[in-house]
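Visitor: Fold the following.
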Amino acid sequence: MPSVARAPARMPLAVYILGLSVFALGTSEFMLSGLLPAIADDMSVSIPRAGLLISAFAIGMVVGAPLLAVATIRLPRRTTLISLITVFGLGQIAGALAPNYAVLFASRVISALACAGFWAVGAAVAVAMVPANARARALAVMIGGLSIANVLGVPAGAFLGDHLGWRSAFWAVAAASGIALVGVVTLIPAIPLPAEKPRLKRELRIYRDHQTWLTISIVALAAGGVFCTFSYLAPLLTDVAGLAEGWVPTVLALFGIGALVGTTIGGRIADAHLFGVLLSGIAASTVLLIALALLGRYALAAVALSFLLGVSAFYTAPALNARMFNVAGAAPTLAGATTTAAFNLGNTGGPWLGGAVIDAGFGYASTAWAGAAMTVTAGAASAVSLRLHRRPASRVVIGAASAGTDEAVIQSRSAN
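Guide: Sure, this is the predicted structure:
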């Protein structure tokens with residue numbers, strides 16, 4: 001492992017390979033935002049019910065991240081990554097061939113389980129290969145794969161769905177998964193397991209820390225607030241803003257460009273100003289969601305706000321990930337799994353809440369009001385976390401990091 005240094009560390013090639021793999025994962029996770037109308041029509045279901053396919057993926061991520069982290073905690077990391085990306089690709093093929101809504105729903109859950117495991121293990125591998133003061137940047141590279149998925153993959157999926165049918169988007173992601181598999185097999189090095197095998201009971205002690213649970217809440221609420229609106233962005237653009245369907249891929253691409261910009265900026269400054277990034281980014285998302293609720297009927301405003309929402313949402317993502325590794329760094333695999341689960345608790349609750357307000361007759365623009373309520377709560381939780389973090393009594397369980405010391409606890413007042 002590289003030694004800790006003050007100078008910015010050069011990212012290992014393997015970290016970029018993980019980012020490339022996340023591109024395929026992220027495309028599948030987010031592309032349904034541009035495919036919901038077509039899927040709803042083909043499967044003879046309502047758009048809110050089609051939106052539950054997004055929640056199905058998120059539920060699979062919530063369950064799969066900790067489950068697979070525990071199941072693979074003593075397995076070779078490279079082998080685990082290869083197995084998970086393979087299962088994920090097969091899940092995309094199953095979705096492309098799905099004869100009905102139930103099968104498609106099941107394929108999304110299976111794909112999500114594999115995706116969750118890859119995220120959890122991949123994040124732990126990325127963090128292990130860089131010094132502590134480069135964690136946010138390493139995680140930003142992985143999240144960058146997600147941002148590029150929004151820039152290229154999601155709009156491409158919407159384009160394919162519009163011209164060749166929604167199933168073609170699933171076939172395209174299956175092909176991207178195959179390319180990612182080749183990259184993992186050929187370029188990810190064998191990551192040695194620790195000399196002392198990880199002990200699940202010891203690592204589970206991270207959940208005794210109230211900051212861990214507070215961070216889970218912040219991540220879930222911040223992600224859920226954005227996804228409450230993003231999941232229904234296509235019908236919002238067409239039915240509320242009055243844009244033609246052909247504009248949807250372009251606006252999704254703008255959201256993705258904003259996400260890439262936000263990830264780049266947030267990743268560069270989050271290591272030094274973690275809480276500053278959290279508080280400012282969540283506040284910006286809140287303002288933008290309120291603006292979208294008020295101005296979403298104007299096409300130009302809806303397009304511009306979609307771009308800016310991508311910036312604010314992904315600006316906070318590296319800090320949210322790094323914060324979890326800071327408070328739960330004693331168990332890096334479980335920290336990655338917990339972050340993944342937390343994000344997808346939000347990705348589950350957000351679309352559900354958005355669908356609920358739509359079904360209640362408040363319209364697609366109301367999803368932005370609901371999302372803003374979630375981000376306001378996330379901001380308040382961040383402020384509480386910062387206040388507790390500044391107290392001398394703030395504690396982080398590190399028993400898993402101390403060989404032969406089961407009850408080791410240190411005071412943690414990191415600058416992050």
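Visitor: make it CA atoms for all contacts and neighbour counts henceforth
Guide: Will do.
Visitor: Could I get the full set of helices for the stretch 1-150 of the chain?
Guide: For the stretch 1-150 of the chain, helices defined by DSSP state H, counting those that start in this stretch occupy the ranges 13-30, 36-43, 47-71, 77-97, 101-128, 135-148.
Visitor: Give the other helices and strands that the helix or strand where N321 lies contacts.
Guide: Taking DSSP states H and E as the criterion, N321 maps to helix 299-327. Applying 3 or more Cα pairs under 8 Å, 6 or more residues apart in numbering; DSSP states H and E, we find helix 299-327 packed against helix 135-148, helix 210-230, helix 248-269, helix 274-295, helix 332-359.
Visitor: for the third one, what is the average pLDDT?
Guide: Looking back up the chat, that one is helix 248-269. Mean pLDDT, computed over helix 248-269, is 85.
Visitor: Kindly report the same for the second one.
Guide: Across helix 210-230, the average pLDDT comes to 90.
Visitor: T316 is nearest to which of the helices of the stretch 1-150 of the chain?
Guide: Checking those against T316 by Cα to Cα gives helix 135-148 as the closest, at 10.1 Å.
Visitor: Would you mind listing the buried residues in the helix or strand just after the closest one?
Guide: The element immediately downstream of helix 135-148 (helix or strand, assigned by DSSP H and E) is helix 154-164. Under the neighbour-count criterion of 16 or more other Cα atoms under 10 Å, helix 154-164 has V154, P155, A156, G157, A158, F159, L160, G161, D162 buried.
Visitor: Likewise for stretch 171-189?
Guide: 171-178, 180-181, 183-184, 188.
Visitor: Quick check: the farthest pair among those residues?
Guide: Across the buried residues of stretch 171-189 (Cα to Cα), the longest gap, 25.0 Å, separates W171 and I188.
Visitor: Can you give me the neighbour number for R74?
Guide: Residues near R74, counting by other Cα atoms under 10 Å, number 14.
Visitor: pLDDT wise, what is it at?
Guide: At R74, pLDDT is 73.
Visitor: re earlier: make TSV from the helices and strands packed on helix 299-327 and add mean neighbour count to it.
Guide: As requested, the helices and strands packed on helix 299-327 are exported to TSV (neighbours: other Cα atoms under 10 Å):
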stretch	mean neighbour count
helix 135-148	28
helix 210-230	26
helix 248-269	25
helix 274-295	22
helix 332-359	26
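Visitor: Spatially, which two of the buried residues of helix 154-164 are the most separated?
Guide: V154 and D162 (12.3 Å).
Visitor: Could you check how far the residue most central in space within the chain is from L53?
Guide: When Cα atoms, centre = their mean is applied to the chain, the residue found nearest the centroid is F343 (5.5 Å). Relative to L53, F343 is positioned 16 Å away (Cα to Cα, to the nearest Å).
Visitor: what's the burial count for the closest residue to I358 other than its chain neighbours?
Guide: What sits nearest to I358 in space, not counting adjacent residues and going by Cα to Cα, 6 or more residues apart in numbering, is Y364, at 5.9 Å. The local packing of Y364 (other Cα under 10 Å) involves 24 other residues.
Visitor: follow-up on the earlier one: would you format the helices of the stretch 1-150 of the chain as TSV with mean pLDDT and distance to G336 included?
Guide: Putting the helices of the stretch 1-150 of the chain into TSV (pLDDT from 0 to 100; distance: least, Cα to Cα, whole Å) gives the following:
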stretch	mean pLDDT	distance to G336
helix 13-30	85	14
helix 36-43	86	30
helix 47-71	80	8
helix 77-97	91	13
helix 101-128	86	4
helix 135-148	77	10
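Visitor: Tell me which of those sits most buried.
Guide: Mean neighbour count (mean count of other Cα atoms under 10 Å) peaks for helix 135-148 among the helices of the stretch 1-150 of the chain, with a mean of 28.
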